[in-house]
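Need a 3D model of the following:
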Amino acid sequence: KTSSSKKIGNVSNENELNDYSKTNVSFLSTIEKNKKKFLKKDIEKADVARELQSAMGYIADSTLKKYIKNGLIDNCEVSEKDVDRAAEIYGIAEPLARGKMISPTQQQRRSKQIPVPDDVDKEVSLYIDLFYINGNVFLHVKSKDADYVSIEALKNREVNLVNEKLKKICNMYRKRGFTITDVCGDNEFNHQAYMDTVLPARLHICAKGEHVPIVERSIRTVKKRTRVICQSLPFNRMPKIMVRALLGQVEIWLNQFLSTNKLSERSLATLLRGDSSPNYNTRRARFGEYVMVYAGTSNTMETRALPAIVLKQSNIFGGYYFLSLETYETIHGNKWRVQPMNDRVIEAVHDLADNENQPIMSRGGPIFDVEPMNVEEVEEDNDDEIEDSVQRNEEIMFEAPVVSDSDEASIVEEDFNPKEDDVESTSR
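This is a model prediction of the structure:
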């Protein structure tokens, strides 16, 4: 397996690279896809234009076009259109970005913390569960009342780690003035540590083999969002850092807009985090895009831009986290230039995923499972079966019971079978 310190493009034979852009459907810009827009002779002229630009010390496209237009290069067979085609096919010449990118304009920015409206019911019930994507475990917490979704990545399913993330989510609700009255989960959470964390709320545990439909439906929504985004990418496997960032980006946008339950005329992010509504004029990047990220300006010969993959949004002002393809570390920036993706970039991402034993995704889709498993043997979820099961149980949901202080809570749930291969059918 390739070492994790492998640099992008560090291959012995360029012709041995797999042309993933020809086999995987991708809605991101790739060089092979861009070439299909032009005739063979136009591509050859674009290559000549890029070679001329290189020979002249990688002058800017606009400068080269000015020289050609004014006839300053004798016997030049390159036209201005050839320069434009080269930029459209290959993007900006990477040496230009590495050597000339300047720092973004500094602006004074302020965010206003929006308080929770007085007319909002501040008593909420939480529904919790664990789920897996490509063998990576995540904690999912759904508030039915606020309709807010929380997704936390976990290294494993140890009680201490899960409990730490659950405590973080509970504190978020409490800091915004919400009172957690009940927490519902399956037998996975039948542990004293979880009961202590949610106090003074009650922790309700359903019987072995049963599930909580409210959070199951929410997980299904997350899976669909994840699957859709993966279908736009040219990768057939992703490293752990990209899987976690993908789920983080899904969480951001699920909570960005109004609740379907019409709890408030404000977004979910406003209720739970105090964030303002998303600004259309804020520059946004797409998960998985290949970019050159501004890395800083100095008077040395160090590069000013780094090749990277977009991970997720870091703030409301246009900042993003990126995966550096030179160090395989997370970097943060707010200025970047989108580049068409080439096979070397795809190969670098696949190498990192291979080093981490991440599975090959069937037909470009992530692998969903409910237990740790051998990811190569898992079949895809059948969402149609889950949908039918949910509809049959729409009115029979496992919810926090209403009981008096002197009575003990009694939880009963009808059968809910999200996947017949994984969960045995149970009766009341």
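
Show me the helices in the protein, by range?
20-23, 31-35, 40-55, 61-69, 80-90, 94-100, 159-175, 192-198, 213-230, 240-254, 268-273, 343-355, 383-392 (DSSP state H).

Show me the shaky parts of the stretch 1-150 of the chain.
Counting by pLDDT under 70, the stretch 1-150 of the chain shows low-confidence ranges at 1-27, 106-111.

What residues of stretch 149-165 count as buried?
Within stretch 149-165, the residues that count as buried by 16 or more other C-beta atoms under 10 Å are 149-154, 162-163, 165. All C-beta atoms are positioned from the backbone trio N, CA, C, and that covers glycine.

Quickly check those for the two that are furthest apart.
V149 and N163 (19.5 Å; C-beta to C-beta).

about what we covered before: what is the nearest of the buried residues of stretch 149-165 to Y90?
In terms of C-beta to C-beta, no member of the buried residues of stretch 149-165 lies closer to Y90 than A153, at 35.3 Å.

can I assume that closest one is in contact with N136?
Yes. Here A153 reaches N136: they are 6.9 Å apart, a contact under C-beta atoms under 8 Å.

Quickly list what's touching both of these two.
Common neighbours of A153 and N136, counting by C-beta atoms under 8 Å, 6 or more residues apart in numbering, are R244.

What are the buried residues along stretch 223-243?
So for stretch 223-243, counting by 16+ other C-beta under 10 Å, buried means 223, 225-227, 229-230, 233-243.

and that stretch, how far out from the chain's middle?
8 Å (C-alpha atoms, centre = their mean, to the nearest Å).

Now K37: closest residue in space, sequence neighbours ignored.
Spatial nearest neighbour of K37, chain neighbours left out: E88 (7.7 Å); criterion: C-beta to C-beta, 6 or more residues apart in numbering.

ok, the one you found - how many residues close by?
15 (other C-beta atoms under 10 Å).

my guess is it contacts N34, does it?
Yes. When contacts are counted by C-beta under 8 Å, E88 is listed as touching N34 (6.3 Å).

OK, contacts around the residue nearest the centre of the chain?
Closest residue to the average C-alpha location of the chain: L246 at 1.5 Å, with C-alpha atoms, centre = their mean. Neighbour list for L246: 226, 229-230, 238, 287, 312 [criterion: C-beta under 8 Å, 6+ apart].

between those residues, which is closest to I205?
T226 (27.7 Å).

Identify the residues contacting the nearest residue to G185 once chain neighbours are set aside.
In space, and not counting its chain neighbours, G185 is closest to I128: 4.4 Å by C-beta to C-beta, 6+ apart. Contact partners of I128, counting by C-beta under 8 Å, 6+ apart, are 139-142, 166, 183-185, 189, 212, 215.

out of everything not next to it in sequence, what's closest to I68?
Using C-beta to C-beta, 6+ apart and skipping residues adjacent in sequence, the residue nearest I68 is E80, 5.6 Å away.

hang on, isn't the one you found packed against G71?
No. Look at E80 against G71 with C-beta under 8 Å: they stay out of range, at 11.9 Å.

Compare these two (neighbour count), which wins?
For E80 versus G71, the count of surrounding residues by other C-beta under 10 Å is larger for E80: 15 against 8.

how close does that one sit to E51?
To E51, E80 is 16 Å away according to C-beta to C-beta, to the nearest Å.

repeat for E251
Plainly put, E251 is 46 Å away from E51 if you go by C-beta to C-beta.

Mind checking which of the two has more residues around it?
Higher neighbour count among E251 and E51: E251, with 20 against 12, using other C-beta under 10 Å.

show me what contacts that one?
The contact partners of E251, by C-beta under 8 Å, 6+ apart, come to 149-151, 222.

now do D61
By C-beta under 8 Å, 6+ apart, the residues touching D61 are 53, 83-84, 87, 92.

Generate a ChimeraX selection restricted to the buried subset of the residues you listed.
Remark: buried members of the contacts of D61, expressed as a ChimeraX selection using 16+ other C-beta under 10 Å:
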select :53,83,87,92
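
wait, which of the contacts of D61 is closest to L203?
The closest of the contacts of D61, once distances to L203 are taken by C-beta to C-beta, is I92, at 55.0 Å.

what about H204, how many neighbours?
H204 has 20 nearby residues by other C-beta under 10 Å.

What score does it have for pLDDT?
Looking at H204, its pLDDT is 94.

what's across from it in the sheet?
For H204, the beta-bridge partners under DSSP bridges are C184.

Please apply the same query to V338.
With DSSP bridges as the rule, V338 is bridged to V291.

Return the residues in contact with it.
V338 neighbours (C-beta under 8 Å, 6+ apart): 29, 91, 285, 289-291.

Same question for H140.
Taking C-beta under 8 Å, 6+ apart as the test, what H140 contacts is 128-131, 149-151, 215, 218-219, 222.

Distance to G99 added to those residues, as JSON lines?
As requested, the contacts of H140 are arranged in JSON lines below (distance: C-beta to C-beta, whole Å):
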{"residue": "I128", "distance to G99": "50"}
{"residue": "D129", "distance to G99": "50"}
{"residue": "L130", "distance to G99": "47"}
{"residue": "F131", "distance to G99": "45"}
{"residue": "V149", "distance to G99": "43"}
{"residue": "S150", "distance to G99": "43"}
{"residue": "I151", "distance to G99": "40"}
{"residue": "V215", "distance to G99": "51"}
{"residue": "S218", "distance to G99": "47"}
{"residue": "I219", "distance to G99": "47"}
{"residue": "V222", "distance to G99": "42"}
